[in-house]
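In: okay, predicted coordinates and the sequence, questions at the end:
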Amino acid sequence: MDSLLAPFREAPETAGILTDFDGTLAPVVDDPAAARPLAGAVDVLHELARRYRRVAVVSGRPAAFLAARLRLAQAPDLFVAGLYGMEYAEGEAVTTHPRATEWRAVVETIAREAEEQAPEGVHIERKGLSVTLHYRTAPEFGAWVRAWCEQTAARTGLVVHPARMSDELRPAVEVDKGTVVAELAQGLSAVCFLGDDIGDLPAFEALDRLRADGVTTLKVAVSSAEAPGPLVAAADIVVDGPVAALALLRKLT
């Protein structure tokens, strides 16, 4: 690991440290609203942001949610990409992708329908520009959630994105963690990304393209019992859960 981290530690002025939030900086919990970063994680991010050219959290969470939990107002050099790139935040300012805003009314209607129709135990997470149906506390309804989301997508034009014990409906906007990573990596000589879920695969794929262009890259999979096999197989390093992910980030400070 030390040799893989060396290019970052030796030239932080041209390096980027990018990471997911849930399952990486924060343990996965039954209630998504209760998610919090591990103790010390925010301080480590702030320290990294002061040292490295670019430090960012790239997540499916709304940017405002991340900004509050990462104390973004106190870290002017820390950047947040929320909702897989449909929102950005620096400090207290949140910017929304212009094409995504066109879907807000559709998503609101679908979120209301999901709350009315979902079986008890399925948690509906409203994200403003997307909605996620979680079945972590009611796994017997996983098939119902997938079918409902697919039927809803077919009639609305929203797109289904599977994740850990959940399915999300998002606008048909061509952004994901891969497009975000490619944008944030511009001008950098070394880029790493830490992630734990299937939605992080596009970020790994973006790093593969950067590596082919001569950029030093590092793909870190944060493992768990639910970690998708393709993500783990594609990683350069596999660490055991958020605690180990935080330990790796500390090595970069």
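Out: The structure has been received and is ready for your questions.

In: the domain parsing of this protein - what is it?
Out: 2-97+175-251, 100-170 (automatic domain parsing).

In: can you redo these as CSV with mean pLDDT?
Out: Converted to CSV, the domains of the chain look like this (pLDDT from 0 to 100):
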stretch, mean pLDDT
domain 2-97+175-251, 96
domain 100-170, 96
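
In: may I see these arranged in TSV, with mean neighbour count as well?
Out: Placement of C-beta: from N, CA and C, glycine included. Shown next, in TSV, are the domains of the chain (neighbours: other Cβ atoms under 10 Å):
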stretch	mean neighbour count
domain 2-97+175-251	19
domain 100-170	17
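
In: what lies in contact with the longest strand anywhere in the chain?
Out: The longest strand of the chain (DSSP state E) is strand 216-223. Here strand 216-223 makes contact (Cβ atoms under 8 Å, 6 or more residues apart in numbering) with 4-5, 7-8, 20, 23-24, 189-196, 204, 207-208, 210-211, 227, 231-232, 234-242, 244-245, 248.

In: for that strand, which strands pair with it and how are they oriented?
Out: Using DSSP bridges, the strands paired with strand 216-223 are strand 190-195 (parallel), strand 237-240 (parallel).

In: tabulate these in a markdown table, adding columns for distance to residue 70.
Out: Shown next, in a markdown table, are the strands paired with strand 216-223 (distance: least, Cβ to Cβ, whole Å):
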| stretch | distance to residue 70 |
| --- | --- |
| strand 190-195 | 15 |
| strand 237-240 | 20 |
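
In: looking at those strands, spot the one closest to residue 97.
Out: Nearest to residue 97 among the strands paired with strand 216-223 is strand 190-195 (20.4 Å), distances taken as Cβ to Cβ.

In: need the next SSE after that closest one, C-terminal direction.
Out: helix 201-212 (DSSP states H and E).

In: strand 216-223 and that next one, what's the angle between them?
Out: Calculated by axes from the mean of the first three to the mean of the last three Cα atoms, to 10 degrees, helix 201-212 forms an angle of 160 degrees with strand 216-223.

In: other residues contacting helix 201-212?
Out: For helix 201-212, using Cβ under 8 Å, 6+ apart, the contacting residues are 18, 20, 58, 176-182, 185, 191-193, 195, 217-219, 228, 230-231, 234-235.

In: swap in 7 Å and give it another go.
Out: Under the criterion Cβ atoms under 7 Å, 6 or more residues apart in numbering, residues 58, 176-178, 181-182, 185, 191, 193, 195, 217, 219, 230-231, 234 lie in contact with helix 201-212.

In: report the two of those residues separated the most.
Out: Greatest spatial distance among these (Cβ to Cβ): 185 and 230, at 21.5 Å.

In: for residue 128, see how far away the residue nearest to residue 30 when sequence neighbours are not counted is.
Out: In this structure, residue 30 finds its nearest non-sequential neighbour in residue 137, 5.2 Å apart by Cβ to Cβ, 6 or more residues apart in numbering. Note on residue 137: its distance to residue 128, by Cβ to Cβ, to the nearest Å, is 23 Å.

In: same question, residue 176
Out: Residue 176 is 18 Å from residue 128, where distance means Cβ to Cβ.

In: which residues sit in contact with residue 20?
Out: 58-59, 194-196, 200.

In: what do you get if the cut-off is 10 Å, keeping everything else the same?
Out: Listed by Cβ atoms under 10 Å, 6 or more residues apart in numbering, the contact partners of residue 20 are 26, 57-61, 177, 193-197, 199-200, 203, 220, 222, 242, 245.

In: can you check residue 86 too?
Out: Residues near residue 86 by Cβ under 10 Å, 6+ apart: 60, 62-63, 95-97, 99-101, 103, 127-130, 170-171, 173, 175-176, 180.

In: no further questions, thank you.
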